[in-house]
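**Q** Sequence and predicted structure are below.
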Amino acid sequence: MRILVVEDEAKAADYLHKGLSESGYQVTVAQDGLEGQHQFSTVVFDLIILDVMLPALDGWQLLQIIRRQAATPVLFLTARDAVEDRVKGLELGADDYLVKPFSYAELLARVRTLLRRGPLRETQHFRLADLELDVLQRRVSRAGERITLTNKEFALLHLLLSHADEVLSRTLIASHVWQMNFDSDTNVVDVAIRRLRAKVDDPYRPKLIHTVRGVGYQLTEAP
Amino acid sequence: MSRASRPSLSLRLALMFALVTALLLGGIGFYLYLSLNKEIAFRDDQALRGRIERMAGLIQGYEDIDALREKPQLYANMLGNTEHFFWVLDSAGTPLITVNPADLPVPDPETGAGMTLRNGGEDTPYRLAAMRLEKDGRRLTLVAGRLLAEKQRMLASYRMQLLAALVAGTLVAFLLGGWVSRRGLRPVRRLARQAATIDSQHLERRLAGGGSYRELAAMTAAFNRMLERLERGFTHLSRFSGDLAHEIRTPLNNLMGQTQQALSQPRSREAYQALLVSNQEEYERLSRMINSMLFLARAENATTFHREPVDVAATAQQLCEYFEGMAEERGVTLAAPVGGQVLANPELLRTALANLVANALRHAEPGSAITLATAPQSGGLAVTVHNRGPAIADEHLERVFERFFRADAARSEPGDSGGLGLAIVDSIMQRHQGRVWAVNADGGVRMTLWFPGRASTDG
């Protein structure tokens, strides 16, 4: 998968390049709008990450050029989160946006979603190691033992399982499980994870729910 | 703002004075002129009438009209001057007696019964009185007249005098009006001078001049109230900037200190990881603070925002689920309200309520309950959050909603919103034209969100 990152801020471009490469993507960085346009016209990309404030040719102009030629998914980054800005970006044909400062885990989650072309296959039955979850029957079991979860605990485990091996940020978890889109400074998510662990992980081995310090949580077999 | 380009208020007032005077003098002059004119005409007519009657008596007294014709000096003397003229005409219109110094044409003898009066003459206007008379079977017509030139000259001169008086009066009114206005507006100029000395460094100054005049007192008071609001806002803002710098300094200090300390010598991988994680926490704190700041700044400048009827119970229920885990860990239970509907922005209502619940959780006694409730109040709906726990000092009850306010200046709880949570609630309520307040009650603190407007508790 090829990703074009158009970002003039060197440090940001650098960590996006490193991070996305580590996640297995082929990353090309363009330092300004004109270079971005040039890259776009020479190579076929699967996703474009576009900073709005760019020298030479700004993000909105580049987005219009891109949309005239291709339907490549575009994720735009903006430091101004005024509603008009977001609306403008989406009206010009961007697929998603992130407001700076954003968490890297959040960016990665958005990138994965945008690259998952076509409608998401609704999995009804999840299995990771000896942990099983059945969406229709609302059943969870580990090592063959039935585990009783509250609604929110079930929703949290469902989210973790459907994004197995991905690091999920607290913000993403809060918005998916509780539909809380505001920036919460409470440790609600940590508490919820702790309680889920007590039921799903603590009595068993290997541990499946991992804390990625400073980033979020990850459900994975590999430690 | 140049002085020259703006019309002066004194000048304007002076002109208005002059205009009023001109209208008044003009009106009076016109009226006087008309009455004088009428009076003169009436007297002239009376004189003409008298003359004809006297002549009629004279003619009747003589046996023969021809005898009278022989003594012209009789009536010539009587007539006196060249302004007057007189005819006695027979029925054919032939003058029997003529006194006509101005050489006027002989008038038409036809006249109605009794005394008739009319004007005549294009170039030399005159006034005529005529009367028919039967004398010895002859029908005579007596005509007496008077030239109007003299009278018109007099009236013209009178008009000129009136006009001169009008112009002079208007001029005097203009000058006096200007002087009076300048004097009268002196308190205004004094106010302007005072106002000119007020700037951002001297917002505590107030206007004092013009206090004894009712009109100016109202303006001065309104202006002073405006200054008071400005001063409060300004003080608030500058303290806020100071607080903000201070609040940002704390995480920055942590970041710089621990990073420099870590870099001062080679360390293990784990140590670097721990440093990065710790830094990440500080970054998040800064980021949250900036988001809150932006939220507040935007709320102040926002012009439009969407409102709809929101079911408070559903929102509260959602929040209870959200905070359930945290509450249980602290041994606190959450009780949601029975119902109620408000006209609000759903996202903002949830944020406000979430901040109150988070605050309540932070201060709730273990083992107690946090109660969310709704009740109609003062034509609106009150949504309350109550927690048992330490009371807020009375003098701080209002200040807890100020930005960065902490009852204990040294206390800074890790993970709190940097003292902005309740300020955000306040800002949200202001946008809804509502209020938020705190009271110490029932062994703890009750925070109330009050939404105005028709609300229902059965929603």
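**A** Everything's here; your move.

**Q** Surely residue B:439 touches residue B:445?
**A** Yes. The pair residue B:439 and residue B:445 passes the contact test of C-beta atoms under 8 Å, sitting 7.4 Å apart. Using the backbone N, CA and C atoms, a C-beta is placed for each residue, glycine as well.

**Q** Of the two, which one has the most company?
**A** Taking other C-beta atoms under 10 Å in any protein chain shown, residue B:439 and residue B:445 do not tie; residue B:445 has more neighbours (23 against 15).

**Q** Please enumerate residues in contact with the host helix or strand of that one?
**A** In this assignment (DSSP states H and E), residue B:445 forms part of strand B:444-451. For strand B:444-451, contacts defined as C-beta atoms under 8 Å, 6 or more residues apart in numbering or on different chains pick out B:342-344, B:352-353, B:356, B:359-360, B:363-365, B:368, B:377-378, B:380-392, B:425, B:429, B:432, B:434-440.

**Q** 6 Å instead, please
**A** Strand B:444-451 has contacts (C-beta atoms under 6 Å, 6 or more residues apart in numbering or on different chains) with B:342, B:356, B:380-389, B:392, B:432, B:434-439.

**Q** Neighbours of the spatially closest residue to residue B:383 that is not a sequence neighbour, how many?
**A** Closest residue to residue B:383 in three dimensions, ignoring its sequence neighbours and counting by C-beta to C-beta, 6 or more residues apart in numbering or on different chains: residue B:449, at 4.4 Å. Applying other C-beta under 10 Å, we find 26 residues neighbouring residue B:449.

**Q** Report the beta-bridge partners for residue B:449.
**A** residue B:383, residue B:436 (DSSP bridges).

**Q** Which parts of the chain are helices?
**A** No chain was given, so I picked chain A. Here chain A has its helices, by DSSP state H, at A:10-22, A:33-42, A:59-69, A:83-91, A:104-115, A:151-162, A:170-177, A:188-200.

**Q** My question was about chain B, not that one.
**A** For chain B, the helices defined by DSSP H occupy B:9-61, B:65-69, B:72-79, B:149-184, B:186-196, B:214-263, B:269-301, B:312-329, B:346-363, B:421-431.

**Q** Need the distance between the two termini of stretch A:210-222.
**A** One end of stretch A:210-222 sits 10 Å from the other (C-alpha to C-alpha, to the nearest Å).

**Q** Show me the contact partners of that stretch.
**A** For stretch A:210-222, contacts defined as C-beta under 6 Å, 6+ apart pick out A:105, A:129, A:160, A:164-165, A:167-170, A:193, A:208-209, B:277, B:280.

**Q** any idea which of these has the most stuff around it?
**A** Neighbour max across those (other C-beta under 10 Å) = residue A:160, 26 neighbours.

**Q** Chain A contacts on chain B?
**A** Contact residues, chain B versus chain A (C-beta under 6 Å from any C-beta of the partner chain): B:277, B:280, B:287-288, B:291, B:321-322, B:325-326, B:329, B:351, B:358, B:415, B:417.

**Q** Residue B:378 - how many residues pack around it?
**A** Other residues lying near residue B:378 total 9 when counted by other C-beta under 10 Å.

**Q** What pLDDT does the model give the residue lying closest to it once chain neighbours are set aside?
**A** Nearest residue to residue B:378, sequence neighbours excluded (C-beta to C-beta, 6+ apart): residue B:450, at 7.1 Å. Looking at residue B:450, its pLDDT reads 93.

**Q** Could you check how far residue B:450 is from chain A?
**A** According to C-beta to the nearest C-beta, to the nearest Å, residue B:450 and chain A sit 21 Å apart.

**Q** can you count the residues close to that residue?
**A** When neighbours are counted by other C-beta under 10 Å, residue B:450 registers 21.

**Q** Spit out the contact partners of residue A:114.
**A** A:47, A:73, A:95.

**Q** wait, residue B:324
**A** Applying C-beta under 6 Å, 6+ apart, no residues qualify as near residue B:324.

**Q** hmm, which helix or strand of chain B has the shakiest average pLDDT?
**A** When the helices and strands of chain B are compared on mean pLDDT, DSSP states H and E, helix B:72-79 comes out lowest with a mean of 59.

**Q** ditto for chain A
**A** None of the helices or strands of chain A scores lower by mean pLDDT, DSSP H and E than helix A:83-91, at a mean of 79.

**Q** would you put the C-alpha positions of it in PDB?
**A** Extracted in PDB, the C-alpha atoms of helix A:83-91 (Å, rounded to 0.1, in the frame of the first residue of the first chain):
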ATOM      1  CA  VAL A  83     -16.400  23.800  11.900                       C
ATOM      2  CA  GLU A  84     -16.200  25.700   8.600                       C
ATOM      3  CA  ASP A  85     -12.800  24.300   8.000                       C
ATOM      4  CA  ARG A  86     -13.900  20.700   8.500                       C
ATOM      5  CA  VAL A  87     -17.000  21.200   6.400                       C
ATOM      6  CA  LYS A  88     -14.900  22.800   3.700                       C
ATOM      7  CA  GLY A  89     -12.500  19.900   3.600                       C
ATOM      8  CA  LEU A  90     -15.300  17.300   3.400                       C
ATOM      9  CA  GLU A  91     -17.200  19.300   0.800                       C
END
